[in-house]
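Engineer: Here you go, sequence then predicted model.
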Amino acid sequence: MKLRRCRHIIAAVAACAVAGLGIAQAQQPASVRIGYAISKTGPYAGGASTTTLPNYQLWVQEVNKAGGIKLADGRRVPVEVVEYDDRSSSEEAVRAIERLINQDKVDFVLPPWGTALNLAVGPVLDRAGYPHLAVTSVTNMVPQLSKRWENAFFFGDTSSNYAEGVVAVLTQLRKDGKVEGNVAMVNVADQFGIELANAARPALEKAGFKIVYNQSYPIGTQDMQSIVNEMRRRNPDIVLAFSYPPDTIAFTDQAKTLGLNPSVFYTAVGTAFPLFKQRFGDNAEGVMGTGGIDTSSAAIRDYIARHQAALGKEPDRWLSPVTYASLQVLQQAIEKVGSLDRKAVAQEIRNGSFDTVLGTITLKDRVYSGGWMVGQWQNGEFHALAPMSGTGAQPAQVPKPHWK
Amino acid sequence: MPILDALLNGLTLGGMYALVAMGLTLQYGVARIMNLAYGEFLIAAAFAAYWLFTGFSLNPLAGLLLIVPLAFALNWLIYRVLLAPLVRRAKTRAALEVDSILATFGLLFIVEGIVLVLFGGSYFNYSFLAGVLEVLGTPLALNRLLAVGFALLLGGGLYLLLNHTRRGTAIRAVAVDPVAAQLVAIDVRAAAALAFALGGALVAASGVLVSMFLTFNAAMGVVFTMKALIVVIMGGVGNLAGCLLAGLLLGFAESFVATYIDPGLTIAVNFALFLLVLIVRPHGLFGRVTA
């Protein structure tokens, strides 16, 4: 009993101290402390250093060049960054986020790369009341997660929506008489690949497509010759590979080498990477994949140019602009609130509308649902195809030209 | 023809496995260093080839002439400076194994860190010799075929070197029994350093060759270390012919399973085969039972 009271007193003192600190900070923060743990090493490093980290760097650079984030008193305070490497490990990511919150006492935490790590750090951010701007997190669990975590915002979509986007494009093509509808599909046996395939299969069957080949391969596989040969033998006019970046490259490369020439050739993650265009040049033409950008948007074109100028490389054409937009949302929410009060900022993100590189966006039920599901390389740019109702969506160019 | 596809496929895949594992069988089997940083050296060589190809438009095959001798020298130095003290200190083979695992585990992070600082963590690849050779209607990628060719060439060359030269015989003697080798006036340390450096040169060559058709990033080394380890243990530690056979066996198994059963089972069949060999021949296909 005594002990418990003692604890109460300590808690009260601590609370006062924290509150005092909070007031002191609200009066005169010298900087906005932003922390993140990102995969600089390990299997996720490839994705993190393509989509996530460059945008964090670009955003911090641009904000600080403009003098910082504007607070209520009209003063601009610069962004200060605390960065850790989560080594692509969930335990390490959780530990780093806890350290950012408890030890480094950062004002805001930016999310790690990938669905797995976003799910891993979600509970920690939720418990500490930090807004969680999950971007590179695509999973069918979004509806449950958003119920569980009050301050989580989802900029990626559900895997099912990506699969259904593909089926919608194919259905339209068949309606236009451009494809017959024999589908050969393969997926990587990992979360996103499995969820995509599981959603695509029934959707394809329901839409009356004939699935002539349907297999999976273990994550990390780079030898696709058997799969490509088996597909070739079945002579499909639609090839779908729900793949990850290294296997996307390997599958495309081997399809090209072995002469698999369907009307529709779709590979998932990595198709929108600049690496894909560099690697395949003119052969990228006509290849479809997840993502896409609205090439008619001046904001997007300007964003690509700035990314190139600041970092010496192009952004990917899927979640890079979305990542950047999520940071703009955070910044504008802080500026509208005028302080670093996380609760108020989260509230603002929930209800406000924001002017970003993706146009003016809102997060209905804490989910951004304006993302592009399918894109296609056309004339050296990865144009958005679906959702076909979206502004800036291009018609698909089919059949894909044969590999050169 | 599915069967021919599967066969040729297995050949290119298995040739790559054998190629990747050959250096490790020398380092582990002869120099007795269980090199955990093996895959990182492969990746480093792949990056070197990429850098020479994209930066100086130097053909990767010409790059081999530059990278392989450099890797040989570097690995010789690593053995002399970093690993020789461990060898001197170790009382038993088991102790050396543990020590070398720990030391090369550290080396792994150093090499990975250097590559990371120089190139960043993104994926890299380039296109070289992406042409096709038709064999009875089955198209085969030239760069993969080249890797198999090199595997056979290097394997054959090393076999000759080890079995028909004085130096090679000394290396084999060290592999069989380092203590007894000393009794017949073999400089064990020099022979081990040579074997380790040769292994390093081989892994660099394989890194350059696989960089022509694989996508790689700084973090991928461990994948190759694991594969090489399986092939080496399956073939019998220190045995080149065993290495070649085990690599091809795995390649054919994967390719046939992917063609006729399910591409999702390739890893499973890999380990099943590995397990089977270990049960039937615990010392590997060509392994010798040591007293």
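Structural biologist: Yep, it's here.

Engineer: only C-alpha atoms for contact and neighbour calcs from this point on.
Structural biologist: OK.

Engineer: and chain A, which residues reach chain B?
Structural biologist: A:40-43, A:45-50, A:189, A:215-218, A:222-223, A:225-227, A:229-230, A:246, A:249-250, A:254, A:257-258, A:275, A:279 (C-alpha under 8 Å from any C-alpha of the partner chain).

Engineer: got the residues of chain B near chain A?
Structural biologist: So chain B meets chain A at B:2, B:5-6, B:9, B:13, B:116, B:120-127, B:130-132, B:139-141, B:213-220, B:255, B:258-259, B:262-267 (C-alpha under 8 Å from any C-alpha).

Engineer: Just name the shakiest helix or strand of chain A by mean pLDDT.
Structural biologist: Within chain A, confidence by mean pLDDT, DSSP states H and E is lowest for helix A:2-27 among all helices and strands, at a mean of 49.

Engineer: Look at residue 270 and give its secondary structure.
Structural biologist: Here I'm looking at chain A. coil (DSSP: H, G, I helix; E, B strand; the rest coil).

Engineer: actually chain B
Structural biologist: Going by three-state DSSP: B:N270 is helix.

Engineer: so it touches B:F256, yeah?
Structural biologist: No. Applying C-alpha atoms under 8 Å as the test, B:N270 and B:F256 come out as separate, 11.5 Å apart.

Engineer: And these two? Which one has more around it.
Structural biologist: Remark: of B:N270 and B:F256, B:F256 carries more neighbours, 22 against 19, as counted by other C-alpha atoms under 10 Å in any protein chain shown.

Engineer: Please determine how far that one is located from B:L7.
Structural biologist: Counting by C-alpha to C-alpha, to the nearest Å, the gap from B:F256 to B:L7 is 8 Å.

Engineer: Then A:P262?
Structural biologist: A:P262 is 25 Å from B:L7, by C-alpha to C-alpha.

Engineer: between the two, which one's more packed in?
Structural biologist: For A:P262 and B:L7, the more surrounded residue by other C-alpha under 10 Å is A:P262, and the numbers stand at 24 against 17.

Engineer: Next one: the more buried one from A:G181, what distance?
Structural biologist: Applying C-alpha to C-alpha to A:P262 and A:G181 gives a distance of 11 Å.

Engineer: Equivalent analysis for A:L260, please.
Structural biologist: 16 Å.

Engineer: Now do the contacts for the nearest residue to B:V30 once chain neighbours are set aside.
Structural biologist: Nearest residue to B:V30, sequence neighbours excluded (C-alpha to C-alpha, 6 or more residues apart in numbering or on different chains): B:A175, at 4.4 Å. By C-alpha atoms under 8 Å, 6 or more residues apart in numbering or on different chains, B:A175 lies in contact with B:G29, B:V30, B:A31, B:R32, B:G238.

Engineer: How about B:M212?
Structural biologist: B:P60, B:N125, B:Y126, B:S127, B:F128, B:L129, B:N143.

Engineer: where along the stretch 101-250 of chain B do the strands fall?
Structural biologist: B:132-135, B:138-141 (DSSP state E, counting those that start in this stretch).

Engineer: Most tightly packed of these?
Structural biologist: Stretch with highest mean neighbour count among these: strand B:138-141 (a mean of 20; mean count of other C-alpha atoms under 10 Å in any protein chain shown).

Engineer: Note down every partner strand of that one and its orientation.
Structural biologist: Strand pairing for strand B:138-141, determined by DSSP bridges: strand B:132-135 (antiparallel).
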